[in-house]
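Chemist: Structural data only, the sequence is not supplied:
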């Protein structure tokens, strides 16, 4: 079945450093969504990518969708303590409405 | 607007007991999902539904059952609870395509924290 892996599993950064998490799917995706989960909370939608090679920005966050629509990345520039949490990608497959979540990357920002 | 509501928030079960986790949404979404999240881990899809009367298995369906008799409700049933089912359970819903043909995001409930001892 479809698998979605994320690396790294954990990342500790000093405040102000950059951070990147990578997402890889075993199958071609129709779209990929990114979520953030604060400790003790539920996942909250950040963004969705649909087109091959698509790049989207949200303030300090940059999201990319690979040309083959099997991988994606999230880059945070100049991290802040408010960026702490776990970042998940979720891959959607064409013809189904199910979303398989990646394993997540837990980000810790040290002030 | 309540969104996705899950009850109960917490529950402790003994091995072999059964229970139903409730999930209801007031956004008239067609698609609903159940995920489980083990401590420090990612989310695994248990079951999902594309509309009333239609359900399908996800990645980890064993030990669970679902039904979808209405658009609003998507309960998850645990029969014969086992310690391996200790987890946080999230229900989510989503809509059809958005007006720009992009996919609708998942809206999550606050979760049910279940412990089986």
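Modeler: On my side now, so go ahead. As the structure is a prediction and not an experimental result, all values here were calculated from the model.

Chemist: Could you pull out the strands in chain A for me?
Modeler: A:4-7, A:10-14, A:19-25, A:31-37, A:44-49, A:55-58, A:61-65, A:71-76, A:85-92, A:99-101, A:105-110 (DSSP state E).

Chemist: Can you report how many residues lie near the closest residue to residue A:29 other than its chain neighbours?
Modeler: Leaving aside its chain neighbours, residue A:29 sits nearest to residue A:91 (4.5 Å; criterion: CB to CB, 6 or more residues apart in numbering or on different chains). For glycine as for every other residue, the C-beta is placed from the backbone atoms N, C-alpha and C. Close neighbours of residue A:91, defined as other CB atoms under 10 Å in any protein chain shown, add up to 27.

Chemist: can you check residue B:29 too?
Modeler: 21.

Chemist: Excluding covalently adjacent residues, which one is nearest to it?
Modeler: Residue B:29's closest residue in space is residue B:93 (CB to CB, 6+ apart), at 3.9 Å.

Chemist: What are the neighbouring residues in contact with that neighbour?
Modeler: Going by CB atoms under 8 Å, 6 or more residues apart in numbering or on different chains, residue B:93 touches B:4, B:25, B:27, B:29, B:31-33, B:74, B:106-107.

Chemist: out of the strands of chain A, nearest to residue B:43?
Modeler: strand A:99-101 (4.2 Å; CB to CB).

Chemist: so which of the strands of chain A comes closest to residue B:18?
Modeler: That would be strand A:99-101 among the strands of chain A, by CB to CB, at 26.9 Å.

Chemist: Show me the contact partners of that closest one.
Modeler: A:2-4, A:25, A:33, A:35, A:88-93, B:33, B:35, B:42-45, B:59, B:106.

Chemist: hang on, the earlier thing: give me the subset of the contacts of residue B:93 lying in strands.
Modeler: Per DSSP E, these map to strands at B:4, B:25, B:31-33, B:107.

Chemist: ok so the residue nearest to residue B:29 is a strand residue?
Modeler: Yes. Assessed by DSSP: H, G, I helix; E, B strand; the rest coil, residue B:93 belongs to a strand.
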